[in-house]
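Student: let's see this in three dimensions:
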Amino acid sequence: MKTSNLLILLFLFSLTSCNQWLDVRPEDQIGEKDLFSTGEGYRNALNGIYKSLSDYSLYGRQLSWGIPEAMAQTYNYSWGNSKVVDLKLASDYNWTQTQLEPLIDRSWSMAYTVVANCNNLIQNIRKADSELFYFKDPEKRVILGEALALRAYLQFDLLRLFAAAPITQSKKKYISYITTYPAYISPAKPVDECIDSIISDLTNARQLVWSFDSIRGNLTPKGWFEEKANGVERFASVRGYRLNYFAIQAVLARVLLYAGKSEDALAMASQLISYHQQVNAFGFADNASQGNLKMSDNVLFGLYAPKLPEWERLVNDFSNATSSVYPNTLLINKLQEIFAPDLVDEEDGYGNITTTSKDYRYANSVDDFEQQGRFYVLKKYREQTMNTPQAEVGNTLIPMIRMTEMYYIAAEVIAKKGSINSATDLLCAVKFGRGISDESTLTNLKININNDETKFMTELFRDARREFLAEGQMFYMYKRLNLPIPALKPIQPSEDLFVIPVPKSESIK
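Tutor: Residues are numbered from 1 along each chain as shown. Model (predicted):
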């Protein structure tokens, strides 16, 4: 993918003032008028929003493999350098520390700048003439639908970080849900009101995007993240980097489950699972040999971040490592616990022992640094140098939502309804797809679960920790269910720890 095709918005807003997200205006009013005078201008505006989302302060690092992973106690910082101080502080939930608080403020400010960009685009395109667009009304509808979905996606993650989970039944007002541009006064709302707005936006977006994806033949994903064309044709075809129809439905399932609307979440997830099984879309294939460590075939929506390898090297620096000096890198906590009981020690003819697993997420996500089962370093984001389309995609892809998550959602809801065996079958389908294909292992898993919901949920979480390693989703699973986070001493759920305080300068009552 060429960055020249992802033109940044001509109306990006200043981040210098702590309150500007409430009253943001285009710096160049004439430029904005010109931008929204052609279909190309609307496409560029939408592309600019996606580009902004992949920034370091948002999903390029902080909101994906950064802060949420630190909160989930994923990392060990024993070998870390100065670039991981913010993650260490987040793992201690030390929100007011001077080295962390400004970074959270920046992520907050940038997030609401992107929301403002979405709202400006939404308001303009609603009154635009369909004749401006190359694909006429379907293109107008898809741009509007994606903009609605983007403002919902981002504000949902802000809600998950800066507000209590619905399960706590808190009546406090934490953050706003911004739907207008400019937003001069946006009082905070209760969690359930924000979620209702998110669900409404996603529901409308799903309907709007359907017409474009179905007409364009995008309902059979192929080359989902590979560049096939330029200009308007590329805009229409490379749908993996966009909130496409499948992705919006998957995000809707995620939101519904978080809101406690489990039956609705099951319906959304089950439709996607059925489609996956019927046409083998978004499969579980392992093509790591081609440089794809992130298993992108399974990703419904991901962001393109060309600087991702550079950002990864900042925290995983092996340049000065020797046989006696450890690298400056993040270690992974409780790796053997996560992959138990699927780890096997293999000995070669020289007495060297290597730990392996049939689950290829083990080989793709981590390295056993000394081959002694002591120190595991993160591998999933490591740049691959082979010249293949898969490596090119994998090196710059930030996974945002996977088909696997739909299996987890359906399995959890079904299990809580009492159908443990059916839920276990869904979990086994994921494991089979990820390489654990021998019948005896899967049979033993079913025997060990033995129709017990608690044991099933333990195994579900174990598998999710493998799947979502360094993708920013595990903390939200613990928070959604108000469960302790595994650590040397388990982290008990509480608002002081699980809710990041809204930046003081931005707090509205």
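Student: for the rest of this, base every contact and every neighbour count on C-alpha atoms.
Tutor: Fine.
Student: could you look up the SS state of L103?
Tutor: On the three-state scheme (DSSP: H, G, I helix; E, B strand; the rest coil), L103 is labelled helix.
Student: how near is the nearest residue to it once chain neighbours are set aside to Y241?
Tutor: Nearest residue to L103, sequence neighbours excluded (CA to CA, 6 or more residues apart in numbering): S57, at 7.6 Å. As for S57, its distance to Y241 is 19 Å (criterion: CA to CA, to the nearest Å).
Student: which residues does S357 bridge with?
Tutor: Beta-bridge partners for S357, by DSSP bridges, are L343.
Student: for it, grab the count of nearby residues.
Tutor: 18 (other CA atoms under 10 Å).
Student: for the one 10 residues further on, same thing?
Tutor: When counting by other CA under 10 Å, one arrives at 18 neighbours for D367.
Student: contacts only, for it.
Tutor: When contacts are counted by CA atoms under 8 Å, 6 or more residues apart in numbering, D367 touches 376-379.
Student: what's the closest of those residues to F475?
Tutor: L378 (17.7 Å; CA to CA).
Student: residues contacting that closest one?
Tutor: Contact partners of L378, counting by CA under 8 Å, 6+ apart, are 316, 330-332, 365-367.
Student: partner strands of the helix or strand hosting P399, parallel or antiparallel?
Tutor: Assigned by DSSP states H and E, P399 belongs to strand 397-402. Its sheet considered, strand 397-402 pairs with strand 299-304 (antiparallel) by DSSP bridges.
Student: what's the mean pLDDT across the strand it pairs with?
Tutor: In this model, strand 299-304 has a mean pLDDT of 96.
Student: now the helix or strand immediately after that strand in the chain against strand 397-402, angle please.
Tutor: The first helix or strand that comes after strand 299-304 along the chain, using DSSP H and E, is helix 308-315. Orientation of helix 308-315 against strand 397-402 (axes from the mean of the first three to the mean of the last three CA atoms, to 10 degrees) gives an angle of 100 degrees.
Student: make 35 the first number, not 1, from now on.
Tutor: Will do, 35 is the new start, and the previous item becomes helix 342-349.
Student: for the helix or strand following helix 342-349, packing partners?
Tutor: Tracing the chain past helix 342-349, the next element assigned as helix or strand by DSSP H and E is strand 365-366. Helices and strands touching strand 365-366, by 3 or more CA pairs under 8 Å, 6 or more residues apart in numbering; DSSP states H and E, are strand 109-110, strand 410-412.
Student: quick one on the thing from earlier: tell me the pLDDT at the residue nearest to L137?
Tutor: At S91, the pLDDT value in this model is 98.
Student: so it sits against V148, correct?
Tutor: No. If you go by CA atoms under 8 Å, S91 and V148 don't touch, sitting 11.8 Å apart.
Student: okay, and the closest residue to L87 other than its chain neighbours sits in which element?
Tutor: Ranked by CA to CA, 6+ apart and with sequence neighbours excluded, the top spatial neighbour of L87 is Y93, at 5.9 Å. For Y93, there is no helix or strand it lies in under DSSP H and E.
Student: what segments of the stretch 385-534 of the chain are strands?
Tutor: Remark: strands assigned in the stretch 385-534 of the chain by DSSP state E, counting those that start in this stretch are 387-391, 400-402, 410-412, 431-436.
Student: and Y384, how many neighbours does it have?
Tutor: A total of 6 residues lie near Y384 under the criterion other CA under 10 Å.
Student: against F509, how distant is the nearest residue to A198 once chain neighbours are set aside?
Tutor: Spatial nearest neighbour of A198, excluding adjacent residues (CA to CA, 6+ apart): V533 at 6.0 Å. Distance, V533 to F509, using CA to CA: 11 Å.
Student: when the two are compared, which one has more neighbours?
Tutor: Neighbour count, other CA under 10 Å: between V533 and F509, F509 has more, with 23 against 20.
Student: which ones are touching the more buried one?
Tutor: Neighbouring residues of F509 by CA under 8 Å, 6+ apart: 102-103, 105-106, 519.
Student: just want the most central residue of this structure.
Tutor: In the chain, the residue lying closest to the centroid (CA atoms, centre = their mean) is M434, at 2.9 Å.
Student: okay, I101 and Q418: tell me how far apart.
Tutor: 25 Å.
Student: with L476 instead?
Tutor: L476 is 32 Å from Q418, by CA to CA.
Student: can you pull the phi/psi pair for the closest residue to M420 other than its chain neighbours?
Tutor: Closest residue in space to M420, ignoring its immediate chain neighbours: G325 at 6.5 Å, by CA to CA, 6+ apart. With angles defined as degrees, to the nearest 10, G325 sits at phi 100, psi 10.
Student: do you know how far G325 is from L242?
Tutor: Taking CA to CA, one finds G325 at 35 Å from L242.
Student: please apply the same query to Y127.
Tutor: 40 Å.
Student: the two: who's more crowded?
Tutor: A side-by-side neighbour count of Y127 and L242, using other CA under 10 Å, places L242 first with 22 against 19.
Student: for the more buried one, what are its contacts?
Tutor: With CA under 8 Å, 6+ apart, L242 has these contacts: 175-176, 178-179.
Student: name the nearest of these relative to F269.
Tutor: If you rank these by distance to F269 using CA to CA, V176 comes first, at 10.8 Å.
Student: name the helices or strands packed onto whatever helix or strand A303 lives in?
Tutor: Element membership of A303, judged by DSSP H and E, is helix 296-313. Judged by 3+ CA pairs under 8 Å, 6+ apart, the packing partners of helix 296-313 are helix 279-292, helix 437-450.
Student: and the angle for the first one with helix 437-450?
Tutor: Here helix 279-292 runs at 30 degrees with respect to helix 437-450, directions being taken by the same axes, to 10 degrees.
Student: mean confidence score for helix 279-292?
Tutor: 97.
Student: chain center to stretch 350-364: distance?
Tutor: Averaging C-alpha positions (CA atoms, centre = their mean, to the nearest Å) puts stretch 350-364 28 Å from its chain's average.
Student: now for the residue lying closest to A425 once chain neighbours are set aside, how many residues are close by?
Tutor: Excluding the flanking residues, the one nearest A425 by CA to CA, 6+ apart is G325, at 4.1 Å. G325: 23 surrounding residues under other CA under 10 Å.
Student: G325 and V411: what is the separation?
Tutor: Between G325 and V411 the computed distance is 18 Å (CA to CA).
Student: same check, this time on L166
Tutor: Per CA to CA, L166 is found 51 Å from V411.
Student: between those two, which one's more packed in?
Tutor: The residue with more neighbours, out of L166 and V411, is V411; 21 against 18, by other CA under 10 Å.
Student: what sits against that one?
Tutor: So V411 contacts 363-366, 400-403 (CA under 8 Å, 6+ apart).
Student: what about 10 Å?
Tutor: By CA atoms under 10 Å, 6 or more residues apart in numbering, the residues touching V411 are 109-110, 113, 350, 361, 363-367, 369, 399-403.
Student: again, but for K480
Tutor: K480 makes contacts with 454-455, 458-459, 461-462, 474, 486, 490, as judged by CA under 10 Å, 6+ apart.
Student: could you do I366 as well?
Tutor: Per CA under 10 Å, 6+ apart, neighbours of I366: 107-111, 400-401, 409-412, 503-504.
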